[in-house]
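Engineer: Generate coordinates for the sequence data below:
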Amino acid sequence: MERFKVTILVDNIAKGNLVKEHGLSILVESERKSILFDTGQGNALKHNSRALDIDLKDLDAVVLSHGHYDHTGGLDHVLEIAPNCELYCHPTVKKTRYSVRDSKVKEIQPPRSTVQALDNLPDAKLHWIKEPIMIDDRIGVTGPIPRRNAYEDTGGSFFFDTQGVEADPVEDDIAIWLIKDSELTVLTGCAHAGLINTIEYVEDINPGKTVRKVIGGFHLVNASKERLQKTVKRLQNMDLIVPCHCTGKKAKNYLQSCLGKRVRQGEAGIVFFF
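Structural biologist: This next block holds a predicted model:
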């Protein structure tokens, strides 16, 4: 029976001699496909893949969850060492963006090297994702995710301008799903579209199948008590919940206190087999 191997390569927390970094990168491997979901900021990916004896040169695809620097850095390096790799992302992934908080402005779009790598990629290898697609018969990419639950938001002060006037809803936020029989595993980059919005959309795309595992950034770091409570209620039927990156320590602790051993701390170097 074909199985998935899922390895967290980059996260804010790291095992042993691995490098931690504010970012996320997850490697998905099956007998047929090798897919990298996000690339972190770049440096940790290079170090950790070597330390884990993972050769990225045979990658079939890279999927970018959204256009922030901590998920897209080092893409130029990956595309250089994996010449046959194809790229999947939303058309607005290169857009200039800012975080504006307490009068402090920070550019958060992909680094120039990533934008250049995107521009240089042949059209045949670049897939702009505007709707759900299947990379193979058991791995799908959502495209933009409908925002149906009013209690979920982007999880931060994101704007298209330095004055903090034109809000950025991070509409390019996308996720990956993996299929095993009637069960689904969802991988999220930051879940700016909302973790529950993402889970429910993946189930809509796959009628008759249920999300049982979710791994990635949940962006609950600034979540209200109401949002956390409603999130936990919706996650009650999960077998495995792995909060990473931008979930926030307080939210991770809350998930664990409510859902127990089903919640496992995400960190670079952790491996799952499905």
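Engineer: Which stretches in the stretch 1-150 of the chain count as helices?
Structural biologist: Under the criterion DSSP state H, counting those that start in this stretch, the stretch 1-150 of the chain contains helices at 43-51, 69-72, 75-81, 112-120.
Engineer: Among the ones you listed, which comes closest to residue 164?
Structural biologist: Each of those has some distance to residue 164 by Cβ to Cβ; the shortest is helix 69-72, at 18.4 Å. In short, each C-beta sits where N, CA and C put it, glycine included.
Engineer: still on that earlier bit, pick the most buried one from the helices of the stretch 1-150 of the chain.
Structural biologist: Compared across these, helix 69-72 shows the largest average neighbour count, a mean of 26 (mean count of other Cβ atoms under 10 Å).
Engineer: Please list the outside residues in contact with that helix.
Structural biologist: For helix 69-72, the external contacting residues (Cβ atoms under 8 Å, 6 or more residues apart in numbering) are 21-25, 38-41, 64-65, 93, 107-111, 114, 189-190, 245.
Engineer: In strands, which of those appear?
Structural biologist: Among these, DSSP state E puts 25, 107 in strands.
Engineer: Drop anything exposed from the contacts of helix 69-72.
Structural biologist: Using 16 or more other Cβ atoms under 10 Å as the burial test, those include 21, 23-25, 38-41, 64-65, 93, 108-111, 114, 189-190, 245 as buried.
Engineer: Going by neighbour count, list what's buried in stretch 118-138.
Structural biologist: 118, 127, 129, 132, 135.
Engineer: mean confidence for it?
Structural biologist: For stretch 118-138, mean pLDDT is 96.
Engineer: do the same with stretch 160-167
Structural biologist: On average, stretch 160-167 scores 96.
Engineer: And stretch 47-56, by the same measure?
Structural biologist: 96.
Engineer: ok, residue 226 - contacts?
Structural biologist: Residue 226 sits next to residue 151 when contact means Cβ under 8 Å, 6+ apart.
Engineer: so where do the helices sit in the stretch 151-274 of the chain?
Structural biologist: For the stretch 151-274 of the chain, helices defined by DSSP H, counting those that start in this stretch occupy the ranges 195-205, 225-234, 249-259.
Engineer: Quick one: closest of these to residue 48.
Structural biologist: Of all the helices of the stretch 151-274 of the chain, helix 249-259 sits nearest to residue 48, with 21.0 Å by Cβ to Cβ.
Engineer: Sort out which residues of that closest one are buried, please.
Structural biologist: Result for helix 249-259 [16+ other Cβ under 10 Å]: buried residues 251, 252, 254, 255, 256, 258.
Engineer: so where is the stretch 1-150 of the chain shaky, pLDDT-wise?
Structural biologist: The model of the stretch 1-150 of the chain has pLDDT under 70 over residues 1.
Engineer: Switch the helices of the stretch 151-274 of the chain over to CSV; also include mean pLDDT and distance to residue 88.
Structural biologist: Below are the helices of the stretch 151-274 of the chain laid out as CSV (pLDDT from 0 to 100; distance: least, Cβ to Cβ, whole Å):
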stretch, mean pLDDT, distance to residue 88
helix 195-205, 98, 16
helix 225-234, 97, 27
helix 249-259, 97, 28
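Engineer: Would you convert these into TSV that also reports distance to residue 167?
Structural biologist: Formatted as TSV, the helices of the stretch 151-274 of the chain follow (distance: least, Cβ to Cβ, whole Å):
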stretch	distance to residue 167
helix 195-205	17
helix 225-234	18
helix 249-259	23
